[in-house]
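Below are the sequence and a predicted model for it; my questions follow.
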Amino acid sequence: MTAPTDPENDPQPQPQYPPAPPVAPGAWGPSANVPVNPTWYPYPVYGIPTKGSRKRAKAAVLVGALLVLAVGAGALFYIAHAPFGPSRNLGSPRVEGTATTLQDGRVLVAGGFSASLDADGSPALATAELFDPNTDTISPTGSMTRPRADQTATLLQDGRVLILGGDETGTAELYDPKTGAFAATGKPSADFSGSATLLKDGRVLVIEPSGTAAALYDPKTGQFTPTGSMVDYRMWYSATLLADGRVLVAGGLDKDFAAQKTSELYDPTTGSFTLTGAMSIARSNHSATLLPDGRVLVAGGQEIYNTTPDPGHAELYDPATGTFTTTGSMVVPREFQTATLLPEGRVLITGGANDIDRAEATAELYDPRTGEFSLTGQMAVHRLWQAAALLQDGRVLVVGGQGNAKAVSTMVELWDPKTGRFSQP
């Protein structure tokens, strides 16, 4: 049996499911695989009447691990969808969530909105899941202390993950993969969820999402302390750790929502920011990736707020000279894309928007040896505001995101550098 789809509200490809098991009158049939999802479940529920005809109910409710089934006269209903425990798809649709590769190779997927960002009151999620690359399956783990979306997630040197912001108050918590549990940490003096960059000494530089203030989180004490402020007001900027331990902060919008060319460096030895070379064009919502040779690839983004992306321009920042130089342009102009450094030095660019909120399914590779971008395999679904993580075997995991019909995806995709193609587990 194929789970029915609603082309308007759920245009994503749906997995296939086995026929419904027969149920004898007055008896329970074989157990059915269902997801654990503490929310109203939007997919159809199917009944197995005693006379053999099929009926359709409208909904079921999952509360924690308790499944509340819809029951009709002479019928037992069950949900035909993703299984309990390990699954091939996310347990919840997610957009603007995070994906963080842990030291043991698993990937922590956390938070995000459960519905389109265009929907009024789209709820944020507190749930989290773990992707296991050994089995290519996803299983639930402990939930965060509060719902979050568009938060930061930073792998610490001790293996825990610092989760910051995404809840409009800027609170923080830690995920411990040994226990699978989240716990609150620190009390930031402001919302510093604009960026979180792990420094070489183990502390984390955090910067507010719109403004100039910054702070340092110390995992040893669990406390946030103020540090120097940025020179320029910024929103939707990038922050990248350099090989020498400094942090490059580039672009972003100013107070008037105009993109900026300027960039600056944070020096952890002095705790201060100073201006460095300017980019060739103004950018916001771009990507910035540290290359093996120490330069930083800056690509895509918007020159003018709430317009189409720039023509795909990219440039390289050289920390030795403090200057930017242009490099090849992306094949497809985009913003809000993911950019993942591969073990052999190339950068995989996936998804993003090629027009105002219009999602992309294409992906491309940047080769620093040639300075050129080239298309690679295409994803099965269009994704905007998705998350990506490099696996220890060299593959790249892509999860969540919003499509062009405003649907939020549960589909998991894996890009394989050996084939240059995406596949579903």
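Right, received. Where do you want to start?

Now do stretch 126-135, average pLDDT.
Averaging pLDDT along stretch 126-135 gives 98.

wait, stretch 375-393
97.

Flag every buried residue along that stretch.
376-377, 379-391 (16 or more other Cβ atoms under 10 Å). Bear in mind the C-beta positions are built from the backbone N, C-alpha and C, glycine included.

Could you list which of those belong to strands?
387-390 (DSSP state E).

So the nearest residue to residue 159 once chain neighbours are set aside versus residue 302, what's the distance?
Spatially, and ignoring its direct neighbours in sequence, residue 159 is nearest to residue 103 (4.7 Å; Cβ to Cβ, 6 or more residues apart in numbering). Per Cβ to Cβ, to the nearest Å, residue 103 is found 35 Å from residue 302.

okay, these two: which has more neighbours?
A direct count of neighbours by other Cβ atoms under 10 Å for residue 103 and residue 302 places residue 302 higher, at 24 against 13.

The more buried one is in contact with residue 258, isn't it?
No. In this structure residue 302 lies outside contact range of residue 258 using Cβ atoms under 8 Å: 10.4 Å.

Nearest to residue 331 among the ones in strands among the buried residues of stretch 375-393?
residue 388 (18.1 Å; Cβ to Cβ).

Tell me, how many residues neighbour residue 151?
Count around residue 151 with other Cβ under 10 Å applied: 26.

Return the residues in contact with it.
With contact taken as Cβ atoms under 8 Å, 6 or more residues apart in numbering, residue 151 is in contact with 98, 110-111, 163-167, 193.

re the thing from before, contacts only, for the residue nearest to residue 159.
Per Cβ under 8 Å, 6+ apart, neighbours of residue 103: 155, 159, 177.

Specify which member of the residues you listed is nearest to residue 294.
residue 155 (21.2 Å).

That closest one touches residue 98, doesn't it?
No. The criterion here is Cβ under 8 Å, and residue 155 misses it with residue 98 at 10.7 Å.

the more surrounded of the two?
Using other Cβ under 10 Å as the criterion, residue 155 and residue 98 rank with residue 98 on top: 26 against 17.

With distance to residue 407 as added columns, please give the contacts of residue 151 in JSON lines.
Formatted as JSON lines, the contacts of residue 151 follow (distance: Cβ to Cβ, whole Å):
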{"residue": "98", "distance to residue 407": "20"}
{"residue": "110", "distance to residue 407": "21"}
{"residue": "111", "distance to residue 407": "19"}
{"residue": "163", "distance to residue 407": "26"}
{"residue": "164", "distance to residue 407": "28"}
{"residue": "165", "distance to residue 407": "26"}
{"residue": "166", "distance to residue 407": "22"}
{"residue": "167", "distance to residue 407": "25"}
{"residue": "193", "distance to residue 407": "26"}
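
Among those, name the ones in strands.
Checking those against DSSP E, those in strands are 98, 110, 163-164.

Most neighbours among the residues you listed, please name it.
Highest count within these by other Cβ under 10 Å belongs to residue 163, 31 neighbours.

so what's it up against?
98, 110-111, 144, 148, 151-153, 172-175, 182.

Ok, residue 349 next?
287, 299-300, 330, 334, 337-339, 363-366, 373 are the contacts of residue 349 under Cβ under 8 Å, 6+ apart.

do the same with residue 268
199-201, 203, 205, 216, 245-247.

what's the neighbour count on the closest residue in space to residue 139 that isn't next to it in sequence?
Nearest residue to residue 139, sequence neighbours excluded (Cβ to Cβ, 6+ apart): residue 86, at 5.0 Å. By other Cβ under 10 Å, 16 other residues sit near residue 86.

Was I right to think residue 86 contacts residue 136?
No. The criterion here is Cβ under 8 Å, and residue 86 misses it with residue 136 at 9.3 Å.

quick one: residue 158 from residue 300, how far?
For residue 158, the distance to residue 300 - Cβ to Cβ - is 34 Å.

which one of those two has more residues nearby?
Neighbour count, other Cβ under 10 Å: between residue 158 and residue 300, residue 300 has more, with 27 against 11.

give the contact list for the more buried one.
Contacts of residue 300 (Cβ under 8 Å, 6+ apart): 283, 285-287, 309-310, 312-314, 330, 333-335, 337, 349, 352.

Pick the one among the contacts of residue 163 closest to residue 264.
residue 152 (19.3 Å).

and the closest residue to that closest one other than its chain neighbours, what element?
Nearest residue to residue 152 in three dimensions, chain neighbours excluded: residue 196, at 3.9 Å (Cβ to Cβ, 6+ apart). Assessed by DSSP states H and E, residue 196 sits inside strand 195-198.

For that strand, which outside residues touch it?
With Cβ under 8 Å, 6+ apart, strand 195-198 has contacts from 152-157, 162, 164, 204-207, 217, 237-241, 247, 249.

Give the partner strands of it in its sheet and their orientations.
Strand 195-198 sits in its sheet next to strand 204-207 (antiparallel), going by DSSP bridges.

quick check, distance from the partner strand to the centre of its chain.
19 Å (Cα atoms, centre = their mean, to the nearest Å).

for stretch 240-257, same thing?
Using Cα atoms, centre = their mean, the offset of stretch 240-257 from its chain centre is 20 Å.

Residue 382 and residue 228, how far apart?
From residue 382 to residue 228 the distance is 41 Å (Cβ to Cβ).

same thing with residue 277?
Taking Cβ to Cβ, one finds residue 277 at 19 Å from residue 228.

neighbour-wise, which of the two wins?
Counted by other Cβ under 10 Å, residue 277 and residue 228 do not tie: residue 277 has more neighbours, with 20 against 17.

Skipping adjacent residues, who's closest to the more buried one in space?
Using Cβ to Cβ, 6+ apart, the closest residue to residue 277 is residue 323 (4.1 Å).

Distance check, the one you found against residue 252.
Distance from residue 323 to residue 252, by Cβ to Cβ: 19 Å.

Which one of the two is surrounded by more residues?
The residue with more neighbours, out of residue 323 and residue 252, is residue 252; 28 against 14, by other Cβ under 10 Å.

now residue 195: how far from residue 400?
Taken as Cβ to Cβ, the span from residue 195 to residue 400 is 20 Å.

higher neighbour count, the two?
Using other Cβ under 10 Å as the criterion, residue 195 and residue 400 rank with residue 400 on top: 28 against 23.
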